[in-house]
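Asker: Coordinates only, no sequence provided:
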Ligand code: UGA
């Protein structure tokens, strides 16, 4: 079996594996999703999502109905089912350092390998330190039955939350690494659906077939580059601020040069989420281990620029409300502040390393009385920062505020009508942490507007 339409399993059905499982079923593969978290498996099996992702629920329901998509907590079933097993487990930072914690990967590989009964490949998708694939092969060799041929292969993913379904069905490139001919053929067959869809739609998906170290590095290099772009424009935004320049116009103008490009040049409160910050630190840590730490030392400055955006936002809040700073930093005792946005970006309920929520926490730490509103992120935010107040609606949130901070660029916030809020707030002041509002509109409505690096 296998060479035509191999059967696929996805180990770890979080935002990565869950999306892949449903999308590859949609592409025509027989798919089994596996997780140790019974709650996740139950939800998916019932056609519900354990996290928010645009367009995913429809795909899950549709493919549960076709029978091509199933979920399980039983590793024996996974071992028996799959020709190609994709590793999609999390690789968080270790609590005591910046390097990646591979314990979920270790337990997934070990659990699977001991149970294997048929020839298959185990494909790394999770973001890992360069060199991880050979460690995975060692785990496989140690734990899999001697009479079963099993090889590691690698294929990094580049999906962006909120656009993940599109990114998986219509990726802008596919990167593959495999050892033997049979493993390579199987790996190609497991991605054939993506190329068939592209052909149908008259698109071209570039394919990069490469060695393992390169495949592992592609992902972290891409994320480090994206982080660098964001910190670059944020650093420029500081010079814009002191010179009266406008960073949004600056970004547009440099972005017209195709060599620079106009994406990932939005200045604001910096990048967050479960990937960019952690991958940046893990790459630095890995470079140190490999003896080339100096070459990548600039990444720690990229990180520092990013984190300074958050303290800067708190200082700006103190300035805007006329409180300024004391010896211990910005002083906001008792000032009612509304934070619009808790998630790290719109169209997700993900609050991992969210700049918005961190700033809300810091504002409260400076004494402010903070009320947070977010269309999808309140439950997750409350679990992490229970000391903050959470409002059930935007109108309730802004009631009585001396300052409104827009810290996630939700559609609902971008199109706010300032006139409709003026009578609700105590003082019409807005801090636009995402540079997503029209300054003229707000100023015309009588508001004091401050963006990030906008003159
Ligand atoms: C990121 C990468 O964009 C994906 O390509 C990658 O596959 C993924 O990480 C991953 O490693 O799995 P994601 O974390 O979903 O995707 O979020 P992004 O859309 O990249 O946004 C990251 C952060 O950067 C957000 O906090 C966003 O507000 C911020 N950002 C983005 C800016 O501050 N300025 C910009 O111009 C763009």
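Answerer: Good, I have the coordinates. Source: prediction; values computed, not measured. Numbering: from 1, shown residues only.

Asker: could you measure the closest residue to the ligand within the stretch 51-200 of the chain against residue 54, distance?
Answerer: Using CB to the nearest ligand atom, the closest approach of the stretch 51-200 of the chain to the ligand is made by residue 161 at 3.5 Å. (Glycine included, C-beta is placed from N, CA and C.) Going from residue 161 to residue 54 by CB to CB, to the nearest Å gives 9 Å.

Asker: Name the residues contacting each of the two.
Answerer: Common neighbours of residue 161 and residue 54, using CB atoms under 8 Å, 6 or more residues apart in numbering, are residue 347.

Asker: hmm, back to that, would you check that the residue of the stretch 51-200 of the chain closest to the ligand makes contact with residue 349?
Answerer: No - the criterion here is CB atoms under 8 Å, and residue 161 misses it with residue 349 at 9.7 Å.

Asker: looking at the protein, which helix or strand does the model trust least?
Answerer: strand 325-326 (a mean of 88; mean pLDDT, DSSP states H and E).

Asker: For the helix or strand just after that strand, which helices and strands make contact with it?
Answerer: On the C-terminal side of strand 325-326, the closest following helix or strand by DSSP states H and E is strand 329-330. When contacts are defined as 3 or more CB pairs under 8 Å, 6 or more residues apart in numbering; DSSP states H and E, strand 329-330 sits against helix 298-320.

Asker: does the ligand sit close to the helix it packs on?
Answerer: No - if you take CB under 6 Å from any ligand atom as the test, helix 298-320 misses the ligand, and the best it gets is 8.5 Å.

Asker: Enumerate the positions of that helix that are buried.
Answerer: For helix 298-320, burial by neighbour count (16 or more other CB atoms under 10 Å) applies to 299, 302-303, 305-306, 309-310, 312-314, 316-318, 320.

Asker: which two in these are spaced the farthest apart?
Answerer: Spanning the widest gap among the buried residues of helix 298-320 are 299 and 320, at 32.0 Å by CB to CB.

Asker: Output the set of residues of the stretch 1-150 of the chain in proximity to the ligand.
Answerer: So far as CB under 6 Å from any ligand atom goes, the stretch 1-150 of the chain lies against the ligand at residue 127.

Asker: correction: the stretch 151-300 of the chain
Answerer: Counting by CB under 6 Å from any ligand atom, the stretch 151-300 of the chain sits next to the ligand at 158-161, 223, 226, 230, 264-266, 268, 270-273, 275-276, 279.

Asker: one more time with 8 Å
Answerer: 157-164, 167, 219, 222-223, 226-227, 229-230, 233-234, 263-276, 279 (CB under 8 Å from any ligand atom).

Asker: Same question for the stretch 301-450 of the chain.
Answerer: Taking CB under 8 Å from any ligand atom as the measure of proximity, the stretch 301-450 of the chain contacts the ligand at 344-345, 348, 350, 354-355, 408-409, 434.

Asker: what residues are up against the residue in the stretch 351-455 of the chain that the ligand sits nearest to?
Answerer: Taking CB to the nearest ligand atom, the ligand has its nearest neighbour within the stretch 351-455 of the chain at residue 355, 6.1 Å off. Residues near residue 355 by CB under 8 Å, 6+ apart: 269-272, 309-310, 344, 407, 433.

Asker: And for residue 332?
Answerer: 314, 317-318, 321, 323, 363, 366-368 are the contacts of residue 332 under CB under 8 Å, 6+ apart.

Asker: distance of the residue nearest to it when sequence neighbours are not counted from residue 323?
Answerer: Leaving aside its sequence neighbours, residue 332 sits nearest to residue 368 (CB to CB, 6 or more residues apart in numbering; 3.9 Å). As judged by CB to CB, residue 368 and residue 323 stand 9 Å apart.
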